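Participant: Predicted model and sequence below, questions to follow.
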Amino acid sequence: MITVLNWNILNTQCPKDMNVQNCPVRKYLKEQKALHPSVNETLLHSVGSFEECIAAIREIQQKCAECHKR
């Protein structure tokens with residue numbers, strides 16, 4: 001049996017000066033190894049351990065929060 005649960009981890013209106021090229025979250029997704037973005041970058045597939053995936057999600061949320069503070 002295969003079970004897939006989808007979870008919306010980020011849904012935000014980015015600041016006006018942000019775009020696909022300078023988004024810190026998108027840059028991070030290219031560097032980390034626990035989550036694999038789909039072709040259109042809207043789905044993340046877990047390829048790391050549970051702990052690695054949770055750490056990556058926390059980092060994504062932190063980077064997004066820092067971006068909104070600027």
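Facilitator: Great, that's in hand. Numbering: from 1, shown residues only.
Participant: Name the residues of the longest helix seen in the chain that are buried.
Facilitator: Scanning the chain for the helix with the most residues, using DSSP state H, yields helix 50-69. Neighbour-count burial for helix 50-69 flags 53, 56-57, 59-60, 63-64, 67 (criterion: 16 or more other Cβ atoms under 10 Å). Where C-beta positions appear, they are placed from N, C-alpha and C, glycine not excepted.
Participant: got those as CSV, with distance to Val47 and pLDDT columns?
Facilitator: Rendered in CSV, the data for the buried residues of helix 50-69 read as follows (distance: Cβ to Cβ, whole Å; pLDDT from 0 to 100):
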residue, distance to Val47, pLDDT
Cys53, 8, 95
Ala56, 10, 96
Ile57, 13, 95
Glu59, 16, 97
Ile60, 15, 96
Lys63, 20, 96
Cys64, 21, 95
Cys67, 25, 94
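Participant: and which of these is nearest Lys33?
Facilitator: Taking Cβ to Cβ as the measure, Lys33 sits nearest to Ala56 out of the buried residues of helix 50-69, at 8.5 Å.
Participant: distance of the nearest residue to the closest one once chain neighbours are set aside from Glu52?
Facilitator: Counting by Cβ to Cβ, 6 or more residues apart in numbering, Ala34 is the residue found nearest to Ala56 once chain neighbours are left out, at 4.3 Å. From Ala34 over to Glu52 the distance is 4 Å, taken as Cβ to Cβ, to the nearest Å.
Participant: got it, and Leu44?
Facilitator: 12 Å.
Participant: Over to Lys27?
Facilitator: Using Cβ to Cβ, we find Lys27 at a distance of 18 Å from Glu52.
Participant: export stretch 49-61 as CSV, just CAs?
Facilitator: Coordinates of the C-alpha atoms in stretch 49-61 are reproduced here as CSV (Å, rounded to 0.1, in the frame of the first residue of the first chain):
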residue,chain,number,x,y,z
SER,A,49,14.5,11.2,6.5
PHE,A,50,11.5,12.5,8.5
GLU,A,51,13.8,14.6,10.6
GLU,A,52,15.6,16.1,7.6
CYS,A,53,12.3,17.0,6.0
ILE,A,54,11.0,18.7,9.1
ALA,A,55,14.2,20.6,9.5
ALA,A,56,13.9,21.7,5.8
ILE,A,57,10.3,22.8,6.3
ARG,A,58,11.3,24.8,9.4
GLU,A,59,14.1,26.5,7.4
ILE,A,60,11.7,27.4,4.6
GLN,A,61,9.3,29.0,7.0
